[in-house]
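J.: Predicted model follows, preceded by the sequence.
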Amino acid sequence: PVPKHFFGRDDIVLDAVLKLCAPAAHHAALLGTGGIGKTAIALAILHHPDIVARFARYLLACDRHSITTADSLVFFLLQLLGLSESQTTDNPLDRLLDHLENSGPIILVLDNFETTWMSAGQQTLLTSVLSQLVVCSRLRLIVTMRSDVGPASSDISWIVPSLNPLTIRSATEVFLAINP
């Protein structure tokens, strides 16, 4: 759902929406400390009217706390897309990429991606998976992470908005919305 109390981030949302809807493929990494608003911004982007119109056929959001390997990420995405493991080719990643390339526009949110990214020994494999995913022309990817650097940043050019603390005015609006 759209965040109930959302203030001071409209410029970030609008900029990301414009870039994600552009003909050239763009992908966003929402990075910062816990509680800064990464997930709320991702949800606001997903529910923006331009995103809904552009990606109305497929709108996927996933919270992958239990995904700790590159393989489990691929299988989770296959399940999310309704592709059972029995339908997969010998290479599940190839099946996923083929589906993404031959389906309608998809926007995918990988929320709290630091959980997966920081799993022991998985960064090289995850870089490979993410690098192949972003090549799909119909896919737009948003990751949220507690980090200063996006995943696979040497291979992927991310839109990385600056997520600073709310201004005093926006923080006051949030406070008054919660405690009128």
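T.: Thanks, I have the structure now.

J.: C-alpha from now on. contacts and neighbour counts both.
T.: Noted.

J.: How about the contacts made by residue 33?
T.: For residue 33, the set of contacting residues under the criterion of Cα atoms under 8 Å, 6 or more residues apart in numbering consists of 146, 147.

J.: Against residue 121, how distant is it?
T.: Applying Cα to Cα, to the nearest Å, the value for residue 33 to residue 121 is 23 Å.

J.: How about residue 23?
T.: From residue 23 to residue 121 the distance is 35 Å (Cα to Cα).

J.: One more: residue 29?
T.: As for residue 29, its distance to residue 121 is 22 Å (criterion: Cα to Cα).

J.: between those two, who's got more neighbours?
T.: Counting neighbours by other Cα atoms under 10 Å for residue 29 and for residue 121 shows that residue 29 has the greater number, 27 against 10.

J.: Surely the more buried one is in contact with residue 158?
T.: Yes: with contact defined as Cα atoms under 8 Å, residue 29 and residue 158 form a contacting pair (5.9 Å).

J.: can you list residues touching both of the two?
T.: Counting by Cα under 8 Å, 6+ apart, the common neighbours of residue 29 and residue 158 are residue 150.

J.: what's downstream of the helix or strand of the chain with the lowest mean pLDDT, the next helix or strand?
T.: Comparing every helix and strand of the chain by mean pLDDT, DSSP states H and E singles out strand 58-63 as the least confident one, with a mean of 65. Reading on from strand 58-63 to the C-terminus, the next helix or strand found by DSSP states H and E is helix 70-80.

J.: Run through the neighbouring helices and strands of that following helix.
T.: For helix 70-80, the elements it packs on are helix 92-101, helix 123-133, judged by 3 or more Cα pairs under 8 Å, 6 or more residues apart in numbering; DSSP states H and E.

J.: would JSON lines of those with mean neighbour count, distance to residue 16 and mean pLDDT be doable?
T.: Rendered in JSON lines, the data for the helices and strands packed on helix 70-80 read as follows (neighbours: other Cα atoms under 10 Å; distance: least, Cα to Cα, whole Å; pLDDT from 0 to 100):
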{"stretch": "helix 92-101", "mean neighbour count": "17", "distance to residue 16": "21", "mean pLDDT": "92"}
{"stretch": "helix 123-133", "mean neighbour count": "17", "distance to residue 16": "19", "mean pLDDT": "94"}
